[in-house]
Each structure stands twice: as structure tokens, then as C-alpha cells.
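S.K.: need a structure here:
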Amino acid sequence: MASVTLQAIHKRYGNVHVVRGIDLHIPAGARCVLLGASGCGKTTTLRMVAGLESPDEGRLLLDDRVVSAPRERVHVPPEERGLGMVFQSYALWPHLSVFENVAYPLRRARVPDGELRTRVREALALVHLESLGDRAPHALSGGQQQRVALARALVGRPQVLLTDEPLSNLDAKLRDLLRSEIAALCERFHITLLHVTHDQAEALSLGTHVAVMDAGRIAQLGPPEEVYRAPRTLLVARFLGDTHVLRASYDGEQVKVGGVAVRPRLAETGAPGEACALCVRPEDLRVESAGVEGAVPGRVLVSACVGEGWLLDVETEAGAVRVRAPSPARAGENVGVRVLGGHAFHAAA
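M.R.: Residues are numbered from 1 along each chain as shown. Predicted coordinates:
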């Protein structure tokens, strides 16, 4: 396995500055997830690591080996970087069988036929497709096609595996299954993973490191639980979790919502008297009876069953929130919302 290091990486397409000075170190064996909205630069960053794009500035290293550095006129081609890549669109050859799709990188590398067949069978077994080698890709389900793409990436025994939203076309249960399988394979074979997604649940469950990207920069990097529980900016707080933003104020001592004092877990507020934004998630809130002291007054908009309980969408004078509740409530019913936590930032909601 190898570490991946990006040093002051920039990438432009014409006048569009897509990646703006990224510094990122991924330790060997780590699973790093680039998380962000469409257009934030995460796929471009992945493609530069793969060698499919070249940075305009900066250096990119695999372990201590420089593989891309414009000023030093270094650009190691993709096939010489020891990487595997899984694309969102699967990128399977329609005229080749499953076996030949997986064998393709080995045939290009002129691996002897006997070793090639052994390695392809092993790769297909890893993704539970050993009996489907003779099938055409179009005869497989979406999940099976994604497994073929994963086997093709693993057959070359890569030090680093790059995955570009490989699960976005799959249904929820299959996404969960393949996410677990990718993590298990990386652990088993000591592979460093760089994974791109816009799905926060995927990022938090798959990554040992999560880098939240915004406008070509890394807004926050850290372990998933740290990024989730201690977001440094309003953007990061809004992007992770079922987050709602309430209009709040800071009087120099307390954050108040609807006139009720609350105790956020984190407060990055401005000067006393200035507006702030309180980011809350369902676990930060508790529904109370209307009129209870210390609860923000609200009115139920929607009550939805989620199996183990109910989620209530409640409108308050400070904004709408989603609250977990043990029982349903009628639309239009008056309730109180007690704020148990959240993150306050100096910004307009």
C-alpha cells in the first residue's frame, strides 16, 4: 500500500479555477472520502491522482515518488502509477465477456496466460462473480456490473484504489452491501482508498478520513465522527446530517432561539447582538407539549413513520426543523421544541 500526497494542487479549465491549492495527505492504508456537491472539484482531484488529468501547479506524490509536478516537468502516465480505478459509469467493454473485461489490464501488461487466468478467477471470486465469467456485461444487473468494474480494478493488485461515485446508480440496500465490501477488501489487501461521493452517509460509513470540499478547496478534513460532530463552518454543518438552520442571536453570553436560551455544542458567534445561525439535527431536538417552559413554540407540518418512531416536521418562528418523536402528531398541532445541542455560527440563517 502507498500513501497519497497532494501539495498545493491547482487545476483550471480556461477561466474556471476548478481546484484551488489543495493540500492533502492520505496515509498508507487509509480510506479517504472526498465529499461535496456537484462541481466542487472532487472528481477532478481524483482524476489528477489517477493521471487522467495533469495539475497546472503543485506536486502529487505516491509514497515518496513524485508522479505529477508541472514545474519539474514530471508526469507519470496512469498505467505506471500502480493504481486501480472504478468509474461511476462502470466503463465495461460491451463486446467482451465478464472474464475478458477483468483480464483487460493484465493483457495490456502482457501477463502470461496461466497467471492471467488465475488472477482473473481470484478477482471474480473476491466480488462473488466466479460463476459469471462467460456472461456479457449487458446480461448482468447494475450491481453485478459494478462488481465487475471493481474486480477489474483489483486484478492488477493496486497499491491505491480510486473510486468515482461507483455506488450512485444502485439501490439503497445494494449500496450498503457494496460499501461494506469495498471497505472489507481494502482492509484485507491493505489497499489505500480515495473515494469520491456526494452521499454523506456513504462518506461517514466508508471513510477513515473525510474531506469536505467546496469551490475547489477542502473546507474540513478529519475522521468522520469529528467532521460530523465538530463542523468548523456553516457549510460543513449544513452538508452533513439531516441539518436544519434556525435563526438565532447572541447576546454576549447566550445563544437564543425564539427568545429561548440554548446551549450549542459549538459556538463560533460574532459580536453581541449580531445574528447567528444554529444548525440542528433531529438528535439535537426533543418534542414537548405546547407551552412547556424552555421549549421553542412550533406547529406540526408533517408526521412521518420511520419504523422505530416518527419524524415530525415542525415550523417555528426561527425556522423549520425535523424532530424525532415516539408517537405521531396531527398536522397543525401546536408543540414545543426543546433544543439540546447544535452548532452556532456567525452567519445569517
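
S.K.: which SSE is residue 66 in?
M.R.: strand 65-69 (DSSP states H and E).

S.K.: what sits up against that strand?
M.R.: 48, 51, 54-55, 58-61, 72, 74-76, 81 (C-beta atoms under 8 Å, 6 or more residues apart in numbering). (Glycine included, C-beta is placed from N, CA and C.)

S.K.: Tabulate the CA atom coordinates of it in CSV.
M.R.: Taking Å, rounded to 0.1, in the frame of the first residue of the first chain, the C-alpha atoms of strand 65-69 are listed here in CSV:
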residue,chain,number,x,y,z
ARG,A,65,7.7,9.2,-5.6
VAL,A,66,6.7,12.3,-7.5
VAL,A,67,4.2,11.3,-10.1
SER,A,68,3.0,14.8,-11.2
ALA,A,69,4.8,18.1,-10.9
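
S.K.: In the sheet, which strands lie alongside the next helix or strand after that strand, parallel or antiparallel?
M.R.: If you walk from strand 65-69 toward the C-terminus, the next helix or strand you reach (DSSP H and E) is strand 74-75. Partner strands and pairing direction for strand 74-75 (DSSP bridges) are strand 65-69 (antiparallel).

S.K.: circling back: just the buried residues of the contacts of strand 65-69.
M.R.: Among the contacts of strand 65-69, the ones that count as buried by 16 or more other C-beta atoms under 10 Å are 48, 51, 55, 58-61, 76, 81.

S.K.: Closest to residue 245 out of the residues you listed?
M.R.: For those, the residue nearest residue 245 by C-beta to C-beta is residue 48; the value is 33.6 Å.

S.K.: sec struct for residue 188, please.
M.R.: helix (DSSP: H, G, I helix; E, B strand; the rest coil).

S.K.: tell me, how many neighbours does it end up with?
M.R.: 9 (other C-beta atoms under 10 Å).

S.K.: any idea of the pLDDT on it?
M.R.: On pLDDT, residue 188 comes in at 88.

S.K.: and what of the one 10 residues further on?
M.R.: Among the per-residue scores, residue 198 holds a pLDDT of 90.

S.K.: can you check residue 266 too?
M.R.: 75.

S.K.: OK, contacts around it?
M.R.: Contacts of residue 266 by C-beta under 8 Å, 6+ apart are 230-231, 343-344.

S.K.: can you map out the strands along the stretch 51-200 of the chain?
M.R.: 57-62, 65-69, 74-75, 83-86, 160-164, 192-197 (DSSP state E, counting those that start in this stretch).

S.K.: for the stretch 151-300 of the chain, what spans make up the helices?
M.R.: Along the stretch 151-300 of the chain, counting by DSSP state H, counting those that start in this stretch, helices occupy 172-189, 200-206, 224-229, 234-239.

S.K.: which stretch among those helices comes nearest residue 12?
M.R.: helix 234-239 (22.6 Å).

S.K.: Name the residues that touch that closest one?
M.R.: Contacts for helix 234-239 (C-beta under 8 Å, 6+ apart): 35-37, 200, 212, 214, 219-220, 227, 231, 243, 245, 277, 279, 343, 345, 347.

S.K.: Please check the residues you listed and keep the buried ones.
M.R.: The neighbour-count criterion (16+ other C-beta under 10 Å) marks 35-36, 200, 212, 214, 219-220, 227, 231, 243, 245, 277, 279, 343, 345, 347 among the contacts of helix 234-239 as buried.

S.K.: Poorly predicted segments of the stretch 51-200 of the chain, please.
M.R.: Applying pLDDT under 70 to the stretch 51-200 of the chain picks out no residues at all.

S.K.: who touches stretch 298-314?
M.R.: Applying C-beta under 8 Å, 6+ apart, the external contacts of stretch 298-314 come out as 282, 287, 315-316, 320-337.

S.K.: For it, which residues meet the burial criterion?
M.R.: 298, 300, 303, 310-314.

S.K.: Repeat that for stretch 188-207.
M.R.: So for stretch 188-207, counting by 16+ other C-beta under 10 Å, buried means 191-200, 202-204, 206-207.

S.K.: just curious, which of those is nearest to residue 20?
M.R.: Of all these, residue 20 sits closest to residue 196, with 17.2 Å by C-beta to C-beta.

S.K.: Now do the contacts for that closest one.
M.R.: By C-beta under 8 Å, 6+ apart, the neighbours of residue 196 are 33-34, 42-43, 45-46, 163-165.

S.K.: what sits opposite it in the beta ladder?
M.R.: residue 34, residue 164.

S.K.: How much space separates it from residue 49?
M.R.: 10 Å (C-beta to C-beta, to the nearest Å).

S.K.: got it, and residue 28?
M.R.: Distance of residue 28 to residue 49, given as C-beta to C-beta: 14 Å.

S.K.: In terms of neighbours, single out the busier of the two.
M.R.: A direct count of neighbours by other C-beta under 10 Å for residue 28 and residue 49 places residue 49 higher, at 27 against 15.

S.K.: which ones are touching that one?
M.R.: Contacts of residue 49 by C-beta under 8 Å, 6+ apart are 4, 6, 60, 83, 160, 162, 194.

S.K.: No further queries at this time; thank you.
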